[in-house]
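J.: Structural data only, the sequence is not supplied:
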């Protein structure tokens, strides 16, 4: 098992990994869902399909559109990070993650996969912006869905680190393991170009890049841990001291 | 006569399903592999007559897969149809040495184009 962390630079005008200008990376990430929606729509137009197929394709269109819209919304949020003030507040990570699991479940089920929360035994509070943290975990969830194997379960996990000073929210997939070569490539890229964190070396990594921006805006940090059978993408945030004052 | 088999190597399961849907309607047998490693196993298992290959795959890239296929006499002759979002940035002549005979642009292709491409290489 290994672990690595990444930071970011400004998205607008910045450069993502592999020398891709950020605009190109964004366009590339949006091409795939749009191409799929187009294919399915054309198929529906042609009409030679059963009712069951039609329902399935309509569901796929709506869920794929939602994913694409999430990305565009994240991009807009990311581009305006410097202009906005973010309210940081004590948040119960367990409740937030429960809501996210509820929101992601239809997408996972439509792919024949499952997402679940691994609850933490004790009540916790962390300091974050609710909207940005939600976007980070949703982003990790989308990423995990892409890489989880066909019968895979994706888990959202909550851990405490540094004697409870830091709370780690992780999204664990059981997809294909990063090979040693890929892991070395990922670490090298992080070392040479710490502005971007890649899901896997072949992806543009835009989603995770945005997640790292959001984490940074909350004084947090994202990272990835490699497992023998998948990976965990996580965000570390400071815990709130409010509980200890009670 | 047994149906000809198309191996679809595509990491978007719903797009793979869409290709399989139209190819099945056109009378082909299909098999789907989500990444290059699975595709290598599938080539041994299903002995495809043609491979429809997404350019950007999870894990190993399409080039690694094509290189592997070109390394063996029996697999080097399997025609490959590249199906990619990057078609506008690529030249078919550059990828012909890898066994690629057709290239489809995911962003502009029609659903039946995959059938037309498969027919044209068999």
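T.: That came through fine. Since the model is a prediction, treat every value here as computed from it, not as a measurement. Residues are numbered from 1 along each chain as shown, chains lettered A, B, ... in the order given.
J.: pLDDT weak spots in chain B?
T.: Judged by pLDDT under 70, chain B has its weakly predicted residues at B:1, B:56-60.
J.: hey, where'd the strands end up in it?
T.: Applying DSSP state E to chain B gives strands spanning B:5-9, B:29-33, B:50-54, B:80-84, B:100-105.
J.: could you point out which element follows the least confident helix or strand in chain A by mean pLDDT?
T.: The helix or strand of chain A with the poorest confidence is helix A:180-192; it has a mean of 53 (mean pLDDT, DSSP states H and E). Using DSSP states H and E, the helix or strand that follows helix A:180-192 towards the C-terminus is helix A:206-217.
J.: Tell me which other helices or strands that following helix touches.
T.: helix A:22-46, helix A:51-79, helix A:130-147, strand A:221-227, strand A:230-238 (3 or more CB pairs under 8 Å, 6 or more residues apart in numbering or on different chains; DSSP states H and E). C-beta here means a position set from N, CA and C on the backbone, and glycine is covered the same way.
J.: could you dump those to a markdown table with mean neighbour count, distance to residue B:115 and mean pLDDT?
T.: Listed next are those as a markdown table, based on neighbours: other CB atoms under 10 Å in any protein chain shown; distance: least, CB to CB, whole Å; pLDDT from 0 to 100:
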| stretch | mean neighbour count | distance to residue B:115 | mean pLDDT |
| --- | --- | --- | --- |
| helix A:22-46 | 18 | 12 | 87 |
| helix A:51-79 | 16 | 17 | 91 |
| helix A:130-147 | 23 | 27 | 90 |
| strand A:221-227 | 20 | 40 | 87 |
| strand A:230-238 | 23 | 36 | 91 |
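J.: how close does the residue lying closest to residue B:88 once chain neighbours are set aside get to residue B:7?
T.: Residue nearest to residue B:88 in three dimensions, not counting chain neighbours: residue B:105, with 6.5 Å by CB to CB, 6 or more residues apart in numbering or on different chains. Distance, residue B:105 to residue B:7, by CB to CB, to the nearest Å: 20 Å.
J.: who's in contact with residue B:39?
T.: B:7, B:9, B:33, B:51, B:53, B:65 (CB atoms under 8 Å, 6 or more residues apart in numbering or on different chains).
J.: Compute the number of surrounding residues for the second one.
T.: For residue B:9, the number of neighbouring residues by other CB atoms under 10 Å in any protein chain shown comes to 27.
J.: for the last one, same thing?
T.: Burial of residue B:65, expressed as a neighbour count using other CB under 10 Å, amounts to 24.
J.: ditto for the fourth one
T.: Using other CB under 10 Å, residue B:51 has 29 neighbouring residues.
J.: Give me the domain ranges for chain A.
T.: A:2-18+A:88-245, A:19-79 (automatic domain parsing).
J.: So residue A:49 belongs to a helix, correct?
T.: No: Residue A:49 is assigned coil when assessed by DSSP: H, G, I helix; E, B strand; the rest coil, not a helix.
J.: who's in contact with the closest residue to it other than its chain neighbours?
T.: The shortest distance from residue A:49 to any non-neighbouring residue, by CB to CB, 6+ apart, is to residue A:43 (6.6 Å). Contact analysis of residue A:43 by CB under 8 Å, 6+ apart lists A:49, A:57, B:18, B:21-22, B:111.
J.: buried subset of these?
T.: The neighbour-count criterion (16 or more other CB atoms under 10 Å in any protein chain shown) marks A:57, B:18, B:21-22, B:111 among the contacts of residue A:43 as buried.
J.: Could you count how many residues lie near residue 122?
T.: Defaulting to chain A. Count around residue A:122 with other CB under 10 Å applied: 9.
J.: To clarify, I was referring to chain B.
T.: For residue B:122, using other CB under 10 Å, the count is 11.
J.: same check, this time on residue B:54
T.: Neighbouring residues of residue B:54 were enumerated by other CB under 10 Å; the total is 27.
J.: could I get the domains of chain A as TSV with distance to residue B:91?
T.: Listed next are the domains of chain A as TSV, based on distance: least, CB to CB, whole Å:
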stretch	distance to residue B:91
domain A:2-18+A:88-245	20
domain A:19-79	19
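J.: can you tell which of these is closest to residue B:47?
T.: Distance to residue B:47, taken as CB to CB, is lowest for domain A:2-18+A:88-245 among those, at 22.0 Å.
J.: can you give me phi and psi for residue A:125?
T.: phi -130, psi 140 (degrees, to the nearest 10).
J.: and the gap between the residue nearest to residue A:49 and residue B:15?
T.: Relative to residue B:15, residue A:43 is positioned 11 Å away (criterion: CB to CB).
J.: can you check residue A:80 too?
T.: Separation of residue A:80 from residue B:15 (CB to CB) stands at 32 Å.
J.: So which of these two has more stuff around it?
T.: Using other CB under 10 Å, the more surrounded residue of residue A:80 and residue B:15 is residue B:15, with 22 against 10.
J.: Does the more buried one touch residue A:36 like I think?
T.: Yes: at 5.0 Å, residue B:15 and residue A:36 qualify as touching, with contact defined as CB atoms under 8 Å.
J.: show me where chain B has helices.
T.: B:13-25, B:36-46, B:62-70, B:73-76, B:92-95, B:113-121 (DSSP state H).
J.: picking up where we left off before, please identify the most buried of the strands of chain B.
T.: With neighbours taken as mean count of other CB atoms under 10 Å in any protein chain shown, these reach their highest mean count in strand B:50-54, at a mean of 26.
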